[in-house]
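Prediction below, plus the sequence it came from.
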Amino acid sequence: MLNLRGTSAPLAGLDTRSWQGLRYFNGAGSSLLALSEPAGTTVPAIAQADAPLFRDPIHGGATDPVVVYHRAAGEWCVLYSAATSPRGATIGIATSSTGGRSWEYRGAPKGLDTVHSGRNSFWAPEVIWHGGTYHLYVSHVAGARAARATRSHILHYTSQDLLNWRFDRELELSGEGCADAAVWPLPDGQTWRMWYTVPDGSVHAADSTDLSTWLPASRSVCPPGQGAPSVFRFGGHYWMITSGDRGLPVYRSHDLRTWFPQAEPLLAQPGIRLGDNAPGHHGSVLTQGEQAHILYSCRFGQASCLQLAPLTVVDGKLTADRDTPSEVDWRPQYTVELRGGQRAT
């Protein structure tokens, strides 16, 4: 059954178009995000997420999702990449007031295009909250995105509302061709680490103490031909997922410095839900204790959509069940601080 609804936007200034894209209620849900409840927490019965979770109603596709809680508005926000043409890309915003079960299109963030005049392509957003400010790390190339392998850079912006962004700087990392930032604090509590993709598809790392200036820290965290890293803590381990040709390669770590590959990738086999019959790509994870979901993109017709699936750790192995209906009710009190929540990382 198709559901086309209007929007109601607590976020002032956001695009409140009268329809939000395709929503299907087929008794299942999906998304590239990881969710967890703290140990001992009793979770009441909750509704299932939409499947597909979201499609961009203007550009038809959505990929590279990252979710963060909007503290002032009391809503969840997902920022994602949307293809504006075969060679161009921009960032879109969707919001949820239903704990992540359904999403509504809200337009595009403002202020990104102030850096370079003319045509710009932006993709692969990473958003974290720290010290009262949201930080956006976004891949950028002046002109068509087809040139990103050799000319792309990662730009840093800051915001108070997730809509209006102020440019800080272009990051000096491993030269041109850097993209796909992922950020997480190191266990020392003072240093932030960023993982990012270089032109050969391998993942490098850089460190910062202020989230603005970054110094290269390590090279070749994973083999070439992957990219799009996402890092999170779940089930007593740190995890990195990347994006490969068949599903999402997985790496595990105890200190965010040394990574051990998992034999089986996530989401390599097609699922059975609507819009989920292809390998998953470009995932992001939100943790809330002992439960988790992964938000990912999947090819859907001529474009792509976002899907949601639960994560579990069994005998030290990370698994995702994309065919199980996703019951979600995300809450800021169980969400890590860097995703806008109230729980220590």
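Yep, it's here. Numbers count the residues shown, from 1 in each chain.

hey, let's count contacts and neighbours off CA atoms from now on
OK.

which element follows the helix or strand bottoming out on mean pLDDT in the chain toward the C-terminus?
Least confident helix or strand, the chain: helix 148-151 with a mean of 66, by mean pLDDT, DSSP states H and E. Sequence-wise, the next helix or strand beyond helix 148-151 is strand 153-159, with elements assigned using DSSP states H and E.

Run through the neighbouring helices and strands of that next one.
strand 133-142, strand 166-170, strand 179-185 (3 or more C-alpha pairs under 8 Å, 6 or more residues apart in numbering; DSSP states H and E).

now it and strand 166-170, what's the angle there?
150 degrees (axes from the mean of the first three to the mean of the last three C-alpha atoms, to 10 degrees).

what's the offset of strand 153-159 from the middle of its chain?
Taking C-alpha atoms, centre = their mean, to the nearest Å, one finds strand 153-159 lying 15 Å from the centre of the chain it belongs to.

So what are the sheet partners of it and their directions?
Taking DSSP bridges as the criterion, strand 153-159 pairs within the sheet with strand 133-142 (antiparallel), strand 166-170 (antiparallel).

Show me how far stretch 89-100 is from its chain's centre.
11 Å.

Stretch 284-299: end-to-end distance?
16 Å (C-alpha to C-alpha, to the nearest Å).

again with stretch 235-249
The first and final residues of stretch 235-249 sit 18 Å from each other (C-alpha to C-alpha).

same question for it, mean pLDDT?
The pLDDT scores in stretch 235-249 average 92.

Next: stretch 332-340.
94.

Could you do stretch 210-228 as well?
On average, stretch 210-228 scores 88.

cool, stretch 101-119 as well?
pLDDT averaged over stretch 101-119 gives 88.

How far away from the center of its chain is that stretch?
15 Å.

Can you say which of the strands paired with strand 153-159 is packed in most?
strand 133-142 (a mean of 24; mean count of other C-alpha atoms under 10 Å).

doesn't residue 333 fall inside a strand?
No. Under DSSP: H, G, I helix; E, B strand; the rest coil, residue 333 falls outside any strand and is assigned helix.

Poorly predicted segments of the chain, please.
1-46, 85-87, 144-150, 345 (pLDDT under 70).

Centroid-nearest residue for it?
residue 66 (2.3 Å; C-alpha atoms, centre = their mean).

quick one on the thing from earlier: can you convert the helices and strands packed on strand 153-159 into JSON lines and add a column each for distance to residue 58?
Shown next, in JSON lines, are these (distance: least, C-alpha to C-alpha, whole Å):
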{"stretch": "strand 133-142", "distance to residue 58": "21"}
{"stretch": "strand 166-170", "distance to residue 58": "25"}
{"stretch": "strand 179-185", "distance to residue 58": "23"}
